[in-house]
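Colleague: How does the following fold in three dimensions:
(one chain, ligands or ions: 1)
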Amino acid sequence: MADDRLITALDVHTLEDMKRLVTTLGDRVSFYKVGMELFYSAGPDTVRYLKDQGKHVFLDLKVHDIPNTAAQSIRALTRLGADLMTLHGTGGKAMMRAAADAVAEEAAKLNIARPKLLAVTILTSMDEAAWQEIGGKDTVANAVLNLARLAKEAGIDGTVSSPHEAKEIRALNGPDFLIVTPGIRPSFAAANDQKRITTPAQALRDGASHLVIGRPITQAADPVVAADKILEEIQEVHA
Ligand SMILES: O=C(O)c1cc(=O)[nH]c(=O)n1[C@@H]1O[C@H](COP(=O)(O)O)[C@@H](O)[C@H]1O
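Modeller: Residues are numbered from 1 along each chain as shown. All right, here's what the predicted structure looks like:
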């Protein structure tokens, strides 16, 4: 029933709310995302709780700083034992390379599985107009592809991007590259602040390896029904 391709975003701000959701969703969800809202409120206990429950954890703190600071921050986070972590690709190739080296070194030192690193490309809430407003000269799609290429060259395991760019990233970076796509909206859910969106099945068909879905599940009238509908749709597309 559970499918590791679905990552449910726990965008709540207390440990209690998080535990309530995880208990409600039970065995049907095997992979959770802890982002800034939850981590800044409830800290490392969030990751420990999820690991104790046997869940996979995507720790999404989107590190973005000069190479040394980014690498040391990512090194510290490696000790929490998450499966996936993020940094911003716009921090540049040297930053990504320093972070990738720090994670590998720290995991080897601790004798734990190396958490995989994902480079966030251009946020899924940005459309062309918002991108140009901050000085983007190329199209969003080309900027995303360029960041995906740099990420792979820097030893990063995958990207976070809109599902609209999944197909081209897959063609560019090959079958083993992780392509994690938020901006997923099943037909029954509202778009909220997301701009570059598609459905769960379409994102997988286009080459996404994982889908990040938050509010369509966590704010649904019945999160179990919503998760089941999404899982049903996902399971129509073979891994
Ligand atoms: O890094 C992310 O996970 C992320 C990157 C991005 O470009 N867009 C994006 O929405 N996200 C995250 O994906 C989740 C999407 O949540 P919903 O819009 O509620 O499904 C949120 O936790 C965002 O922080």
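Colleague: chain center to the top strand by length along the chain, what's the gap?
Modeller: The longest strand of the chain (DSSP state E) is strand 56-63. Chain-centre distance of strand 56-63: 7 Å, with Cα atoms, centre = their mean, to the nearest Å.
Colleague: Tell me the strands beside that strand, with direction?
Modeller: Strand 56-63 sits in its sheet next to strand 31-35 (parallel), strand 84-88 (parallel), going by DSSP bridges.
Colleague: which residues touch the helix or strand that comes right after the first one?
Modeller: For strand 31-35, the succeeding helix or strand toward the C-terminus, using DSSP states H and E, is helix 36-42. When contacts are defined by Cβ atoms under 8 Å, 6 or more residues apart in numbering, helix 36-42 is touched by residues 10-15, 18, 46, 59-62. (Each C-beta comes from the backbone N, C-alpha and C, glycine too.)
Colleague: For the residue in the chain positioned nearest to the ligand, grab the count of nearby residues.
Modeller: Nearest residue of the chain to the ligand (Cβ to the nearest ligand atom) works out as residue 214 at 2.7 Å. Neighbours of residue 214 under the rule other Cβ atoms under 10 Å: 19.
Colleague: Isn't it up against residue 9?
Modeller: Yes. With contact defined as Cβ atoms under 8 Å, residue 214 reaches residue 9; the gap is 3.3 Å.
Colleague: Quick check: neighbours shared by those two?
Modeller: Between them, residue 214 and residue 9 share the contacting residues 33, 182, judged by Cβ under 8 Å, 6+ apart.
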